[in-house]
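Novice: return atomic coordinates for the entry below.
(one chain, ligands or ions: 1)
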Amino acid sequence: MKTPDKKPLNGKIALVTGSSRGIGRATAIALARAGAFTFINYVRNEDAARETLEIVESHGGRGSLLSFDVSDSDAVQDAIKGITEEKERIDILVNNAGITLDGIFVRTKPEEWNSLIDINLKGVFNCCRSAIRYMMKQRWGRIINMTSVVAISGNAGQVCYSASKAGIVGLTKSLARELGSRNICINAVAPGFIETDMTASIGEKNREKVIDQIPLGRTGTPDDIAGIVAFLASGKADYITGQVIHVNGGLYM
Ligand code: NAP
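Specialist: This is a model prediction of the structure:
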C-alpha cells in the first residue's frame, strides 16, 4: 500500500490575495504548511506581508511576497504571468483580498460603491481571468473565493458589501459549471464574524449582540477559515465544485 503523502500540497504553487493580514495571512500559512509554495499578496502593508512570510518560513514552509492591487487588471495579469514564468504553473488561487463598506445605504456615495466593487468583485474577476488561462493548459486548478455570510443572509448597514460578496457567489457557481470539464474546481467560503482588522472597530455592544446569535457562542478566528480553504485546495476536495461553504459557528444555517 502506498504511504500517504505527509504534505497534501507538496509541489503546488499557490497565490493568496490579501495575505498580509487576517484571514489571508492564516490561509497563506496553512497552504504553505501543507507544502504549497505560496505567493503572499498585499497592496500597501509590506511589513505585515513580510511578517506572514516569516511565519511561513518559521514553520518550514516556502513562499514569496507579491505586491499588486487586485482591482488593477494589468497589474494582476503581469503578476500572475510572473508567477508562471518563475514557477511554470499556478495551481491554487485564493481570492481573499477585500474591503468593507459599512453604513446607511442612502448615504453611500457612487464613488464608494465603485471602489468597493472594483476591489471585492472586479478583483476576483481579474485574478480568475488571468490564472484560469494557465490552469486550463495544466488541466488542473483550484480556486477558492472569499464571500461572506451576509451575501446570503443580507445585513442592514452592509447593502453594498453584501452585494459585492453575492456577486462572488454567482461568479463561483457559473465558473464552476464552465470549467469542470478542465478539472478546475471553484468554490467559495462564506465566513461569519471573524476577528481581524476588518471587524476590530465594531463596538463591544454590537459584538455581544452578534455573539448572542452564534450557537457556538464565540466569534471565529482566521484559522477557522484557513483550515477549510486548505481542505478545498487539497486532493480530499477533488469532487467539490460550485459550492459555498459556510463557516460561521451556526450564525446562519
Ligand atoms: P483584513 O484583515 O482587513 O485584511 C484585508 C487584506 O486584503 C489585507 O491583506 C489587505 O492588504 C488586502 N487588500 C485590501 N485591498 C486590496 C487590494 N486592492 N489589492 C490587494 N490586496 C488588498 O480583512 P479580513 O477580515 O482578513 O478579510 C479577508 C476576506 O474575508 C475579505 O474578502 C473579507 O471581505 C472576507 N470576510 C471577512 C469577514 C470577517 O469577519 N473578518 C467575514 C466575512 C468575509 P494590505 O495589508 O496591504 O492593506
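Novice: longest strand in the protein, by residue count?
Specialist: In terms of residue count, the longest strand belonging to the chain (DSSP state E) is strand 184-191.
Novice: when you scan that one, is anything in it near the ligand?
Specialist: Yes: applying Cβ under 6 Å from any ligand atom, one finds strand 184-191 touching the ligand at P191. (C-beta placed from N, C-alpha, C; glycine too.)
Novice: paired strands for that strand, with orientation please.
Specialist: If you go by DSSP bridges, strand 184-191 pairs up with strand 141-146 (parallel), strand 244-247 (parallel).
Novice: and the stretch 101-250 of the chain, which residues reach the ligand?
Specialist: Contacts of the stretch 101-250 of the chain with the ligand, taken as Cβ under 6 Å from any ligand atom, map to I119, M146, S148, P191, F193, I194, T196, D197, M198, T199.
Novice: weed out the non-buried ones from those residues.
Specialist: Those of these that meet the buried threshold are I119, M146, S148, P191, F193, I194, T196, T199, by 16 or more other Cβ atoms under 10 Å.
Novice: just curious, which of the residues of the stretch 101-250 of the chain next to the ligand is nearest to T84?
Specialist: Taking Cβ to Cβ as the measure, T84 lies nearest M146 of these, at 22.8 Å.
Novice: where's whichever residue of the stretch 51-200 of the chain sits closest to the ligand, which helix or strand?
Specialist: Taking Cβ to the nearest ligand atom as the measure, the stretch 51-200 of the chain has G98 as its residue closest to the ligand, at 2.3 Å. Assigned by DSSP states H and E, G98 falls within no helix or strand.
Novice: which element follows the least confident helix or strand in the chain by mean pLDDT toward the C-terminus?
Specialist: None of the helices or strands of the chain scores lower by mean pLDDT, DSSP states H and E than helix 204-212, at a mean of 96. Of the helices and strands lying after helix 204-212 in sequence (DSSP H and E), the nearest is helix 222-233.
Novice: what does that next one rub up against?
Specialist: Applying Cβ atoms under 8 Å, 6 or more residues apart in numbering, the external contacts of helix 222-233 come out as 8-9, 12, 14, 22-23, 25-27, 29-31, 34, 36, 92, 94, 142, 144, 146, 185, 187, 189, 191, 194-196, 237, 240, 245, 247.
Novice: try it again at 7 Å.
Specialist: Outside of helix 222-233, the residues within contact range by Cβ atoms under 7 Å, 6 or more residues apart in numbering are 9, 22-23, 25-27, 29-31, 34, 92, 94, 142, 144, 187, 189, 191, 194, 196, 237, 240, 245, 247.
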